[in-house]
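*Asks:* missing the sequence, but the structure's below:
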């Protein structure tokens with residue numbers, strides 16, 4: 001497995017992976033108009049905007065194939081973490097998190113992190129040490145579980 005910073009040429013594949021996984025695991029609980037807005041906000045232009053705002057992205061590759069990607073905002077919020085279904089259970093999420101977390105701390109972060117977990121990803125984040133800070137919430141028709149990893 002190779003984990004490296006995202007490159008502009010990665011964005012189309014990252015967006016395709018995001019769309020497939022978000023449709024199956026995140027927005028399936030939301031009304032169609034919410035799904036359309038969410039996917040539009042996370043298209044290629046959206047990802048370029050996240051990069052322009054300073055979100056730090058890494059991609060994981062296995063045998064030259066995109067296995068997943070991760071993003072951290074402001075050295076303290078795990079914004080995106082997605083692993084392709086064929087790579088689930090192979091330690092990709094943990095490996096990406098280790099790289100992203102270390103880089104955030106080395107860049108000046110204090111080591112505490114937050115994440116808004118989907119219902120599906122809740123066990124993954126709990127295994128990484130995140131704890132729920134409140135019950136499941138819904139904002140603009142998207143459901144998530146606020147979590148925090150203490151420093």
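*Replies:* Yep, that arrived. Nothing here was measured: the structure is a model prediction, and the numbers come from that model.
*Asks:* what sits against residue 28?
*Replies:* With contacts defined as Cβ atoms under 8 Å, 6 or more residues apart in numbering, residue 28 has no neighbours. Quick note: C-beta positions are derived from backbone N, CA and C, even for glycine.
*Asks:* read off the pLDDT value for it.
*Replies:* For residue 28, the model assigns a pLDDT of 87.
*Asks:* where exactly do the strands run in this protein?
*Replies:* Using DSSP state E, the strands of the chain run over 2-5, 56-62, 65-73, 77-83, 113-117, 131-132, 137-139, 142-149.
*Asks:* residue nearest the centroid of this protein?
*Replies:* residue 80 (1.6 Å; Cα atoms, centre = their mean).
*Asks:* what about the closest residue to it other than its chain neighbours, how many neighbours?
*Replies:* Once flanking residues are discounted, residue 80 sits nearest to residue 71: 4.1 Å by Cβ to Cβ, 6 or more residues apart in numbering. Per other Cβ atoms under 10 Å, the neighbour tally for residue 71 reads 21.
*Asks:* so which residues of the chain form helices?
*Replies:* Ranges of helices in the chain, per DSSP state H, are 11-25, 32-41, 44-52, 92-106, 122-127.
*Asks:* may I see the buried residues of the third one?
*Replies:* Within helix 44-52, the residues that count as buried by 16 or more other Cβ atoms under 10 Å are 46-47, 50.
*Asks:* redo those as TSV? Include distance to residue 120 and pLDDT.
*Replies:* Compiled in TSV, these are given as follows (distance: Cβ to Cβ, whole Å; pLDDT from 0 to 100):
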residue	distance to residue 120	pLDDT
46	21	96
47	21	97
50	22	97
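*Asks:* wait, which of the residues you listed is closest to residue 26?
*Replies:* Comparing the buried residues of helix 44-52 against residue 26 with Cβ to Cβ places residue 46 closest, at 14.6 Å.
*Asks:* pLDDT score assigned to the residue lying closest to that closest one once chain neighbours are set aside?
*Replies:* The shortest distance from residue 46 to any non-neighbouring residue, by Cβ to Cβ, 6+ apart, is to residue 40 (7.4 Å). Residue 40 is assigned a pLDDT of 94 by the prediction.
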